[in-house]
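Engineer: I would like the atomic coordinates for the input below:
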Amino acid sequence: MTAHLDDIAANPFVESSERADLRASVAAFAAKYGQEYFRECALEGRKTDEMWSEAGKLGFIGVNLPEAYGGGGAGMYELSIVMEEIAAAGTGLLMLVVSPAICGNIIARFGTDAQKQQWIPGLADGTITMAFGITEPDAGSNSHQITTTARRDGDEWLLTGRKVFISGVDQAEAVLIVARTEDAKTGKLKPALFIVPTDAPGFEYTMIDMELQNPEKQFQLFLDDVRLPADALVGSEDAALSQLFAGLNPERIMAAASAVGMGRFALNKAVAYVNDRTVWKTPIGAHQAIAHPLAEGKVAIEMAKLMMQKAATLYDAGDDWGAAEPANMAKYAAAEACVKIVDHAVHSMGGNGLTSEYGLAPMLSLARIARIAPVSREMILNFVAQTSLGLPKSY
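Structural biologist: I've put the predicted structure just below:
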């Protein structure tokens, strides 16, 4: 039975014409830069400033942010399209995960009107970049053990603590810091979110040397009685856990989008190669030992993408808790698919897979990030075991 056009338009498995147009526009934009540009920036110590600036002017960076403050008025589904297509072109903009997805969403949903006016227009057009600081040296995956503290000093706040593996601080105007405040009644520490300018007195950072070809770097942060005005607090000092969901679900969705894009890039490279490379009478892609792992990768990446789209759809509908499970599952599935696809792609190309000419070897380490950050595969499995299966906590 032939579906009517209005039925197709309502089909959640078929992207709307607006989303299809966005995908095509981002793909065309990203193709102008591509893997060679990304690699040159990384090797020469340059940032991807030209690409970031153009993406902002085209409205791609802030596509998820409110129109009233200069954004595109769409949602995480659209921002995940931007991330996926950029990664599928062989490049990357890590700060898309952090600046518009985490920080932008949190400020848009929980910030005051003054905070929105101050920050969102710049976050949307890319003229302002904001980093996100949650991970600590001794807390790691256990965000309940964060020790960075915020204490009141009159109408101001004083922040003290350390953060580690914080992306892009050297290119950010501010960092959204997860700290803890003390409950006056119970004495217990509660998480709260603060916007900290990177030029604030008492705020310092040092780069962490990483074995990665990536223009965007990782940093340790040191906060020594950083004095902040009262309006540096985002949202309620009593509601940061719920506010964190507004940022961490998008973080996982964007991590999945990046992994899906990287997987697509590696798969396309490998398919083109094995379709052309002939050792005996037929291209090596005719051999099942070559074809089947690549076909399995295609299946896995498409399944991960569907879960990512489900997570984005639920998040955009305002269902933070409903989005948590698919967001974590999408990140897990996309990471596993990406790592395996990159490995199979390199292996199917033999020695050429390790050459600079074909550009796949650096992806062996870049793809691995997807399994580790922003949350490890093991912690995602813990989440699924406990929340979806009802199993007891193991830690």
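
Engineer: elements contacting the lengthiest helix in the chain?
Structural biologist: Longest helix of the chain, by residue count under DSSP state H: helix 240-276. Other elements packing on helix 240-276 under the criterion 3 or more Cβ pairs under 8 Å, 6 or more residues apart in numbering; DSSP states H and E are helix 76-88, helix 105-110, strand 174-182, strand 189-197, helix 288-316, helix 320-348, helix 363-372. The C-beta positions use only the backbone N, C-alpha and C, and glycine is treated the same way.

Engineer: what's next to the last one, contact-wise?
Structural biologist: When contacts are taken as Cβ atoms under 8 Å, 6 or more residues apart in numbering, the neighbours of helix 363-372 outside the stretch itself are 92, 211-214, 255, 258-259, 262-263, 265-266, 331, 334-336, 338-339, 341-343, 346, 377.

Engineer: Identify, out of the helices and strands packed on helix 240-276, the most deeply packed stretch.
Structural biologist: Highest mean neighbour count among the helices and strands packed on helix 240-276 (mean count of other Cβ atoms under 10 Å): helix 76-88, with a mean of 27.

Engineer: list the helices and strands that helix packs on?
Structural biologist: By 3+ Cβ pairs under 8 Å, 6+ apart, helix 76-88 packs against helix 17-31, helix 95-96, helix 240-276, helix 288-316.

Engineer: gap between Q386 and M379?
Structural biologist: 11 Å (Cβ to Cβ, to the nearest Å).

Engineer: What of P201?
Structural biologist: When Cβ to Cβ is the yardstick, P201 and M379 sit 35 Å from each other.

Engineer: More neighbours: these two, which one.
Structural biologist: Shown here are P201 and M379; by other Cβ atoms under 10 Å, M379 has more neighbours (16 against 10).

Engineer: where's that one relative to D138, distance?
Structural biologist: According to Cβ to Cβ, M379 stands 16 Å off from D138.

Engineer: Also R46?
Structural biologist: R46 sits 34 Å away from D138, going by Cβ to Cβ.

Engineer: residue contacts, A232?
Structural biologist: Residues near A232 by Cβ under 8 Å, 6+ apart: 157, 194-196.

Engineer: quick check, nearest of the residues you listed to A172?
Structural biologist: V196 (10.0 Å; Cβ to Cβ).

Engineer: That closest one reaches P229, doesn't it?
Structural biologist: No: the pair V196 / P229 is not scored as a contact, 11.0 Å apart, by Cβ atoms under 8 Å.

Engineer: Could you find the closest non-adjacent residue to the most centrally placed residue in the chain?
Structural biologist: Closest to where the C-alpha atoms of the chain average out (Cα atoms, centre = their mean) is V97, at 3.2 Å. Distance criterion Cβ to Cβ, 6 or more residues apart in numbering; nearest residue to V97, sequence neighbours excluded, is M254 at 4.2 Å.

Engineer: and what of A300?
Structural biologist: A337 (3.7 Å).

Engineer: where's the one you found relative to G322, distance?
Structural biologist: 23 Å.

Engineer: one step back: in CSV: the helices and strands packed on helix 240-276, plus mean pLDDT and distance to Y33.
Structural biologist: Output for these, formatted as CSV (pLDDT from 0 to 100; distance: least, Cβ to Cβ, whole Å):
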stretch, mean pLDDT, distance to Y33
helix 76-88, 98, 8
helix 105-110, 96, 26
strand 174-182, 91, 26
strand 189-197, 89, 30
helix 288-316, 97, 22
helix 320-348, 97, 20
helix 363-372, 94, 16
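
Engineer: now these in CSV, with distance to D225?
Structural biologist: What follows is these, written out as CSV (distance: least, Cβ to Cβ, whole Å):
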stretch, distance to D225
helix 76-88, 36
helix 105-110, 24
strand 174-182, 12
strand 189-197, 12
helix 288-316, 36
helix 320-348, 34
helix 363-372, 32
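
Engineer: Can you say which of those is nearest to I166?
Structural biologist: With Cβ to Cβ as the criterion, I166 lies closest to strand 174-182 of those, at 6.9 Å.

Engineer: For P362, which residues are in contact?
Structural biologist: Applying Cβ under 8 Å, 6+ apart, the residues contacting P362 are 39, 212-213.

Engineer: I should have written P197 there, sorry.
Structural biologist: Counted by Cβ under 8 Å, 6+ apart, P197 has contacts 173-174, 203.

Engineer: what do you get if the cut-off is 10 Å, keeping everything else the same?
Structural biologist: 172-175, 203, 226, 228, 232 (Cβ atoms under 10 Å, 6 or more residues apart in numbering).

Engineer: surely G34 meets G90?
Structural biologist: Yes: look at G34 against G90 with Cβ atoms under 10 Å: they come within range, at 5.2 Å.

Engineer: what touches both of these two?
Structural biologist: Common neighbours of G34 and G90 (criterion: Cβ under 10 Å, 6+ apart): 265, 359.

Engineer: Could you check which of the two has the larger neighbour count?
Structural biologist: G90 (25 against 16).

Engineer: Would you confirm that G75 contacts A312?
Structural biologist: Yes: G75 is within contact range of A312, at 6.9 Å (criterion: Cβ under 10 Å).

Engineer: what is in contact with those two at once?
Structural biologist: With Cβ under 10 Å, 6+ apart, G75 and A312 have common neighbours 64, 250.

Engineer: Could you list the low-confidence segments of the protein?
Structural biologist: Confidence mapping of the chain against pLDDT under 70 gives the ranges 1-12, 140-141, 143-144, 183-189, 239-241.
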